[in-house]
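K.L.:
Model the structure of this input:
(one chain, ligands or ions: 2)
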Amino acid sequence: MNIILMGPPGGGKGTQAKILEEKYGMVQLSTGDMLRAAIAAGTPVGLEAKTLMDAGKLVPDQVVIGIIAERLDQPDARKGFILDGFPRTTAQAEALDRMLAEKGLKLDGAIEIRVPDEYIVERITGRYTCGKCGAGYHDKFQQPKVAGVCDSCGGTEFKRRDDDNALTVKSRLDAYHAKTAPIIPYYDGKGLLRVVDGTQPIDVVTGQLTGIIDRSSR
Ligand code: ADP
Ligand code: AMP
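P.N.:
Numbering: from 1, shown residues only. Ligands and ions are numbered 1, 2, ... in the order given. This is a model prediction of the structure:
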């Protein structure tokens, strides 16, 4: 099963993608994670992306399309994938269609995790991850069971993203409304769109998503 998770920055795509990855054995393909890995590795793509990401702007289409094309060719993508943070523009959505057709793959659904803007600052400024295993947390909504200790790996070092501050949230939301939200009707037109209420607690959102996936894989 191959799906896209759509929705605003901080809407819960990564949180849910990791849960679905575990439950269904699909792979999470997050362009944001891939770009952050490129930054950490100091590659030319990383250098180009860093300034844009820190300013809350989108990285050029050709860069992310190239990254996803390569990633889709890796064997694990054949287990089924969850696209998280891609496509983010009409050009990316069209390029994805061409890539999938060339590779003989198809999309089974595009699910929008719908969250109004007024939730987003709190979601984003409270986000942090385990520095060792990458498990995601939130200051208020998703705290580790033992304070300061990662539930998944026992790690005690945590990190926050450079772009997760109130200043960049506005430009990231502007980019979302101007460039990404307009592709939602594109998937609706193909009969692939489903919508879940992303303001609900994490486990409730997961229930909505698994309901959709289980129904469509029957
Ligand atoms: P995205 O991948 O869409 O940018 P994340 O999955 O990283 O968003 O979620 C952003 C932050 O909000 C994280 O700290 C996460 O723990 C928290 N979060 C995710 N889903 C919910 C939810 N349904 N309710 C409350 N907090 C949530
Ligand atoms: P994310 O981790 O999805 O919140 O993405 C973080 C940042 O990476 C975004 O604000 C963009 O600067 C960049 N980015 C991630 N995915 C894309 C994409 N598909 N197209 C353009 N820029 C992207």
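K.L.:
who's in contact with residue 217?
P.N.:
By CB atoms under 8 Å, 6 or more residues apart in numbering, the contact list for residue 217 reads 1, 108. Heads up, the C-betas are built off the backbone N, CA and C, glycines and all.
K.L.:
Now do the same for it: its pLDDT.
P.N.:
Per-residue confidence for residue 217 comes out at a pLDDT of 78.
K.L.:
Residue 113 versus that one, what's the distance?
P.N.:
19 Å (CB to CB, to the nearest Å).
K.L.:
Could you do residue 12 as well?
P.N.:
When distance is defined by CB to CB, residue 12 is 5 Å away from residue 113.
K.L.:
likewise residue 42?
P.N.:
From residue 42 over to residue 113 the distance is 32 Å, taken as CB to CB.
K.L.:
ditto for residue 84
P.N.:
Summarising the geometry, the distance separating residue 84 from residue 113, computed by CB to CB, is 10 Å.
K.L.:
and residue 42 and residue 113? which has more neighbours close in?
P.N.:
residue 113 (22 against 9; other CB atoms under 10 Å).
K.L.:
State the three-state secondary structure for residue 28.
P.N.:
Under the three-state scheme (DSSP: H, G, I helix; E, B strand; the rest coil), residue 28 adopts strand.
K.L.:
Is stretch 97-106 positioned near ligand 2?
P.N.:
No. Between stretch 97-106 and ligand 2, judged by CB under 6 Å from any ligand atom, nothing touches; the nearest distance is 13.2 Å.
K.L.:
I would like the residues contacting that stretch, please.
P.N.:
Contacts made with stretch 97-106 from outside it, assessed by CB under 8 Å, 6+ apart, are listed as 2, 65, 68, 69, 72, 73, 107.
K.L.:
Can I get those in CSV including distance to ligand 1, neighbour count and pLDDT?
P.N.:
Formatted as CSV, these follow (distance: CB to the nearest ligand atom, whole Å; neighbours: other CB atoms under 10 Å; pLDDT from 0 to 100):
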residue, distance to ligand 1, neighbour count, pLDDT
2, 18, 19, 97
65, 20, 21, 98
68, 16, 22, 97
69, 22, 15, 96
72, 20, 19, 97
73, 24, 11, 96
107, 19, 17, 97
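K.L.:
All set now, cheers.
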